[in-house]
Every structure is written in structure tokens, then in C-alpha cells.
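Participant: Compute the structure for the input listed below.
(chains A and B)
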Amino acid sequence: KNQVEQSPQSLIILEGKNCTLQCNYTVSPFSNLRWYKQDTGRGPVSLTIMTFSENTKSNGRYTATLDADTKQSSLHITASQLSDSASYICVVSYSGAGSYQLTFGKGTKLSVIP
Amino acid sequence: NAGVTQTPKFRVLKTGQSMTLLCAQDMNHEYMYWYRQDPGMGLRLIHYSVGEGTTAKGEVPDGYNVSRLKKQNFLLGLESAAPSQTSVYFCASSYSGTGGYEQYFGPGTRLTVT
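Facilitator: Here you go, the predicted model:
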């Protein structure tokens, strides 16, 4: 069964600090991996999309890494800001029949405090 | 350019009542999706559409029907609402379902069935 596991479930950090969120997946065959940011009461917004051939991808202070061999990804947030408080969702795309099928992780809830 | 919009934002139904959620996108996307998001779970695909006049079942289609009469609109119907359908519903759209095309999400509809 295709699964996406994220850790930790929740995280509290001080403003200005860095943090790393983890994502492990069992989706196969794999097409691409996405990280979304979801603010409370809003829809998810895409941060990065990586194919199996990409090891790292950045979007401002957000850097995602991917190890397709170990089926692990991480999202690193640098110099956190209060506006980074949100849920971060790892999403893996299945490349078999119906490759538009996405498997969503449950998300990591990040709280940045002053 | 409004992106993806959803109507209504909130709704309370009694068991057995029916309703229709409307999703509209102005990006000329072919693919549209309906998801539900429940506490402690990842987003789950209810139904999707690969183009005007076509629909298909996702992971959790029971109790829902959809229609895509116009390319820009995707309707989700609940014929006889049940408390288990209490959830936050998100609509999304994408240019294509294959490859790394980004899915754009609407703001969500919070539905409570009593």
C-alpha cells in the first residue's frame, strides 16, 4: 500500500532558528515528491516539486532534499519567521496507471514563537 | 486572476439533507479534483475529472457525486448527508495529471453534518 509518513507530528521553534522536517514514503513506482504549506483555515500551497533525479530544490528559505534510494525527503527551513507557522505536507505522486494520483502525508504542524 | 474558488465557505446540514459544493477555476486547467481533509489524516481524493464532461472515482467516492459540465467548474454533490461526511472539502486543479504539474487548491469548504 502506498504510504507517506511524516515526522515529527508537531514542532515548536523560536523565531530565527532553523528546522528540518522529515518524510518517508513507500509509493512505487514514484514520479515526483511535493512539499506543501497549509496555513490554518486555508488550502495547501506548493513549495517545491522534485522528480526522482533531483536531489535538492530551494524556494527562498525552504530547501527540500530527496533520496530516492532510501525513499526519504526532508524540508529544511532557514531563519524561521512567525509566518512559517503552518502545517507542512509531504505529497508523493504515483507514476503507475492514473499518475495523477497523489498520496498525502498527515503533515507536520510547525509553530514559530517569538 | 482568482485561481481556484469554492462556494460556500461554511455549511451546516442535517442528516439526510442534500447540497452541492461549487468549485471554479480561471486558469484553463484540464484536471480538477475534490479532496476531503479530516483531523489526523492526509487529504483523500474523492473524485476527479480529466476534462470537460468526464469524471472518475478517487479513493473515497461513496456518498458523493460530481459533474463537470463546463471546463472551469467542478461540482460535488451530497445526495443524503451523513455525520461521517463532516469534513473540510478542498477543490484543486492542474494543467495536466502527469509529470510535475502543480495542483492549485481552493480555500476549502467546512461542512458539518448534524
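Participant: Phi, psi for residue A:83 please.
Facilitator: phi -70, psi -10 (degrees, to the nearest 10).
Participant: Hmm, I typed the wrong one, I wanted residue B:84.
Facilitator: According to degrees, to the nearest 10, residue B:84 has phi -70, psi -10.
Participant: how many neighbours does the residue nearest to residue B:76 when sequence neighbours are not counted have?
Facilitator: Nearest residue to residue B:76 in three dimensions, chain neighbours excluded: residue B:21, at 4.3 Å (C-beta to C-beta, 6 or more residues apart in numbering or on different chains). Where you see a C-beta, it was placed from the backbone N, CA and C, and this is true even at glycine. Residues within reach of residue B:21, counting by other C-beta atoms under 10 Å in any protein chain shown, total 21.
Participant: Is whatever helix or strand residue A:33 lives in positioned near chain B?
Facilitator: Per DSSP states H and E: residue A:33 is located in strand A:30-38. Yes: judged by C-beta under 8 Å from any C-beta of the partner chain, strand A:30-38 and chain B are in contact via A:31-32, A:34.
Participant: So which elements touch that strand?
Facilitator: Counting contacts by 3 or more C-beta pairs under 8 Å, 6 or more residues apart in numbering or on different chains; DSSP states H and E, strand A:30-38 packs against strand A:19-25, strand A:45-51, strand A:62-67, strand A:72-77, strand A:86-94.
Participant: Surely residue A:107 touches residue A:38?
Facilitator: Yes: the criterion here is C-beta atoms under 8 Å, and residue A:107 meets it with residue A:38 at 6.9 Å.
Participant: how about the residues of chain B near chain A?
Facilitator: B:4, B:31, B:40-45, B:48, B:50, B:58, B:90, B:92, B:94, B:96-100, B:102-108.
Participant: how about 7 Å then?
Facilitator: B:31, B:40-43, B:45, B:48, B:90, B:97-98, B:100, B:102, B:105-108 (C-beta under 7 Å from any C-beta of the partner chain).
Participant: the bottom helix or strand of chain A by mean pLDDT?
Facilitator: Scoring the helices and strands of chain A by mean pLDDT, DSSP states H and E places strand A:102-104 at the bottom, with a mean of 89.
Participant: If you count neighbours, what's buried in the helix or strand just after it?
Facilitator: Next along the chain after strand A:102-104, taking DSSP H and E as the criterion, comes strand A:108-113. For strand A:108-113, burial by neighbour count (16 or more other C-beta atoms under 10 Å in any protein chain shown) applies to A:108-110, A:112.
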